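Participant: Have a look; sequence and predicted model below, questions after that.
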Amino acid sequence: MPGKPFQSKLEPFYEFIREGRSKRWSYQKIADVLTHEKGVPVSANAVFSFVKVRAKRRRLYALPPLETPPSFPFAASTKAREFFMPPSTKESHEIKQRPYNI
């Protein structure tokens with residue numbers, strides 16, 4: 001098809017939408033501001049679709065490593081430490097089970 005390729009009516013407001021999302025504005029709030037203040041009738045779904053198409057796709061979500069280990073008041077508790085430690089090789093699940101009273 002000859003002619004100009006499709007371009008979103010939100011393209012001129014790319015920077016405004018990006019700043020709004022960085023301020024954690026909802027898509028509805030951005031749509032309301034665009035409609036009432038900028039004169040561009042648009043729905044929240046249109047703003048979401050605009051952002052989704054242009055967002056960088058993330059394949060892996062990872063947290064950065066902690067610089068210092070957290071200090072929790074229950075960390076010194078031996079019961080908590082035992083709960084999160086793997087069972088030792090001497091102890092098995094069968095040894096810990098109580099016999100049935102038949």
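Facilitator: It's in.

Participant: Residues contacting stretch 23-41, please?
Facilitator: Residues outside stretch 23-41 that contact it (CB atoms under 8 Å, 6 or more residues apart in numbering) are 9-10, 13, 16-17, 20-21, 42-48, 51. For glycine as for every other residue, the C-beta is placed from the backbone atoms N, C-alpha and C.

Participant: ok, of those, which one's closest to Met85?
Facilitator: The nearest member of the contacts of stretch 23-41 to Met85, counting by CB to CB, is Arg21 at 42.9 Å.

Participant: what sits against the closest one?
Facilitator: Ile30, Val51.

Participant: ok, and the most crowded of the contacts of stretch 23-41?
Facilitator: Highest neighbour count within the contacts of stretch 23-41: Val47, with 25 neighbours (other CB atoms under 10 Å).

Participant: Let's verify that residue: helix, strand, or coil?
Facilitator: helix (DSSP: H, G, I helix; E, B strand; the rest coil).

Participant: How about the contacts made by it?
Facilitator: Leu10, Ile17, Tyr27, Ile30, Ala31, Leu34.

Participant: swap the cut-off to 10 Å and go again
Facilitator: 10, 13, 17, 20-21, 25-34 (CB atoms under 10 Å, 6 or more residues apart in numbering).

Participant: can you tell me which of these are in helices?
Facilitator: Ile17, Gly20, Arg21, Tyr27, Gln28, Lys29, Ile30, Ala31, Asp32, Val33, Leu34 (DSSP state H).

Participant: which residues in this protein form strands?
Facilitator: For the chain, applying DSSP state E gives no strands.
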